[in-house]
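Asks: Would you be able to build a 3D model of this:
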Amino acid sequence: MTSLATKRGRGKRELLVPADDGLPVAERVYRRLRDAIASGELPPRGRLSERELSAQLGVSTSPVKAALARLEAEGMVVTQPRRGTWVAFAPEKLSEMGLIRAALEGVVARLAAARITEAQLATLRGIVEELREATEALDTATLVEANERYHTLLVEAADNVFLANAVGALRGYYLMTQRRMRTVPLEPRKAQAEHEAILAALVARNGAAAEAAMRAHIARTVETLWAEDLAKLSRKR
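Replies: Okay, the predicted model is just below:
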């Protein structure tokens, strides 16, 4: 199994996450492993042993087991009987995952156009205003956080449990997207115009326009954030 970097203190291994953040151990383990996969510290197709991970992280196997189950639901690891568990995420899957996300969130926007409440629209307008101010200030942290609330609200407004579960299954990809948003040059003015176009379609209750605007928004985001990675993959083929 690929070794996971840990810190040592007085001969004892510790999680590379804050121990006093109020989060349960299982949540801290989940976030640590999620980030290790997203960063490549645990590489694609690398084998994962519950026993070895628990030893490296200094916890029992129970929170590791729970974390791996969540990561499997998010598509970041795969477990098969008698074969074990390994990292499922691979860079060459980024464009495919982006296309899937664009399709799913396009349907989210279409349904939301018919079902979003006036209260939810008011909240969405407030988020769009936050995004506008963060865009002007080039405040990346706020852009990332408000962007997540924007998309989460639309999933809630769509009010479809099956669709919500499907979007949730791409959580791992979405988290990696968030990480990338903090480290690469963004195009916040384009994103702001796209967010406003989606909002306008929702206000007009125009499902087709909302879906088209959302698909275009996600597709451009994929191209912006993963352009270098996708270019490298294209050269290898």
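Asks: and Pro65, what does it touch?
Replies: Pro isn't right for residue 65; it's Lys. Residues near Lys65 by C-beta atoms under 8 Å, 6 or more residues apart in numbering: Glu50. Glycine gets a C-beta too; all of them are placed from N, C-alpha and C.
Asks: Secondary structure element for it, which one?
Replies: helix 61-73 (DSSP states H and E).
Asks: Spell out for me which residue occupies the centre of this structure.
Replies: Compute the mean C-alpha point of the chain, and by C-alpha atoms, centre = their mean the closest residue is Tyr174, 1.7 Å away.
Asks: quick one: average confidence on the helix or strand harbouring it?
Replies: Taking DSSP H and E as the criterion, Tyr174 maps to helix 171-181. Across helix 171-181, the average pLDDT comes to 71.
Asks: Which residues belonging to it are considered buried?
Replies: Residues of helix 171-181 classed as buried by neighbour count (16 or more other C-beta atoms under 10 Å): Arg171, Gly172, Tyr173, Tyr174, Leu175, Met176, Thr177, Arg179, Arg180, Met181.
Asks: Likewise for stretch 28-44?
Replies: In stretch 28-44, counting by 16+ other C-beta under 10 Å, buried: 28-38, 41-42.
Asks: Just the ones of those residues in helices?
Replies: Members of the buried residues of stretch 28-44 lying in helices (criterion: DSSP state H): Arg28, Val29, Tyr30, Arg31, Arg32, Leu33, Arg34, Asp35, Ala36, Ile37, Ala38.
Asks: Of those residues, which is the nearest to Ala90?
Replies: Ile37 (10.4 Å; C-beta to C-beta).
Asks: Doesn't Val59 lie inside a helix?
Replies: No: per DSSP: H, G, I helix; E, B strand; the rest coil, Val59 lies outside any helix segment and is coil.
Asks: Quick check: it touching Glu27?
Replies: No: the pair Val59 / Glu27 is not scored as a contact, 11.7 Å apart, by C-beta atoms under 8 Å.
Asks: Compare these two (neighbour count), which wins?
Replies: Val59 (20 against 16; other C-beta atoms under 10 Å).
Asks: From Lys65, how far off is that one?
Replies: Computed as C-beta to C-beta, to the nearest Å, the Val59 to Lys65 distance reads 11 Å.
Asks: who touches the residue nearest to the centre of the chain in this structure?
Replies: Arg101, Glu148.
Asks: The one 3 residues further on now?
Replies: Contact partners of Thr177, counting by C-beta under 8 Å, 6+ apart, are Thr221, Leu225.
Asks: And for Ser54, the neighbour number?
Replies: 18.
Asks: so which strand or helix has it?
Replies: helix 50-57.
Asks: what comes up buried for that helix?
Replies: Buried residues in helix 50-57 (16+ other C-beta under 10 Å): Glu50, Glu52, Leu53, Ser54, Gln56, Leu57.
Asks: What of stretch 156-174?
Replies: 156-158, 160, 163-164, 166-167, 170-174.
Asks: First-to-last residue distance for it?
Replies: 17 Å (C-alpha to C-alpha, to the nearest Å).
Asks: Residue ranges in the protein under the pLDDT threshold?
Replies: 1-21, 91-92, 172, 183-186, 227-237 (pLDDT under 70).
Asks: can you map out the strands along it?
Replies: Using DSSP state E, the strands of the chain run over 7-9, 12-14, 47-48, 77-80, 84-87.
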